[in-house]
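> Return a 3D structure for these sequence lines:
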Amino acid sequence: MSLLIFQITIKQWDKGQNSASHQDARSAIPCVFPVSTNPAFNIFDTPCILEQHGDDIATNVFKEGRIRASVLSTDRVMFDRFQVVNSSTGPVLEYWARDKPHMLGPLNKYWIQARYTWRYSVLEANQIYWMYEEVTLNAMCAEEFNANCFLETKPSLVFNDL
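As a prediction, the model looks like this:
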């Protein structure tokens with residue numbers, strides 16, 4: 001039986017953490033980890049793991065955490081800026097930017113790594129500051145569970161700076 005695995009890593013910093021030493025520390029944080037979560041729900045009748053690393057700087061903007069899954073229709077599920085579409089050939093990963101989709105690839109043929117950076121304003125204690133994030137998604141459809149699936153092979157498709 002197939003298994004959809006999505007692993008998201010969120011590296012966060014504010015404007016005061018932009019020195020070379022801060023950048024080196026962020027670069028040292030891996031963007032692939034062993035999968036340590038069990039399937040929590042199904043997408044298109046396929047068990048799904050949605051695992052998150054990072055997002056550990058609490059703000060009042062995303063009090064419950066950044067990543068949530070939403071069913072948009074019977075053949076489309078969204079989490080963060082990514083959507084999984086149930087096509088006739090299997091699940092396809094898309095990235096949404098400026099209200100339009102960008103097809104990244106079929107999940108049953110590749111493991112895909114996609115990365116983007118963004119910023120958002122945070123208002124806390126009458127102070128406004130920018131929170132910066134680098135978000136990396138590792139995604140695949142596997143025939144069987146392997147906790148080291150993202151560590152043992154390189155991604156087939158890589159998208160940086162989406």
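> Helices of the protein, start to end?
Per DSSP state H, the chain carries helices over the ranges 20-28, 149-152.
> Do me a favour and get the backbone dihedrals for the residue sitting furthest away from the middle of the chain.
Most distant from the centre of the chain: residue 126, at 30.9 Å, with distances by C-alpha atoms, centre = their mean. When read as degrees, to the nearest 10, the backbone of residue 126 gives phi 60, psi 20.
> contacting residues for the closest residue to residue 115 other than its chain neighbours?
Nearest residue to residue 115, sequence neighbours excluded (C-beta to C-beta, 6 or more residues apart in numbering): residue 136, at 4.6 Å. To be clear about C-beta, it is placed using only N, CA and C from the backbone, and glycine gets the same treatment. By C-beta atoms under 8 Å, 6 or more residues apart in numbering, the residues touching residue 136 are 8, 9, 11, 31, 113, 114, 115.
> Kindly indicate which of those residues lies nearest residue 78.
residue 8 (13.0 Å; C-beta to C-beta).
> State the paired neighbours of the worst-scoring helix or strand of the chain on mean pLDDT in the sheet, together with their directions.
Least confident helix or strand, the chain: strand 69-73 with a mean of 79, by mean pLDDT, DSSP states H and E. Paired with strand 69-73 in the same sheet, following DSSP bridges, are strand 76-79 (antiparallel).
> CA atoms only for the partner strand - export them in CSV, please.
What follows is strand 76-79, C-alpha atoms only, in CSV (Å, rounded to 0.1, in the frame of the first residue of the first chain):
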residue,chain,number,x,y,z
ARG,A,76,-7.2,18.7,-3.9
VAL,A,77,-5.6,19.1,-0.4
MET,A,78,-3.5,22.2,0.7
PHE,A,79,-0.9,22.7,3.4
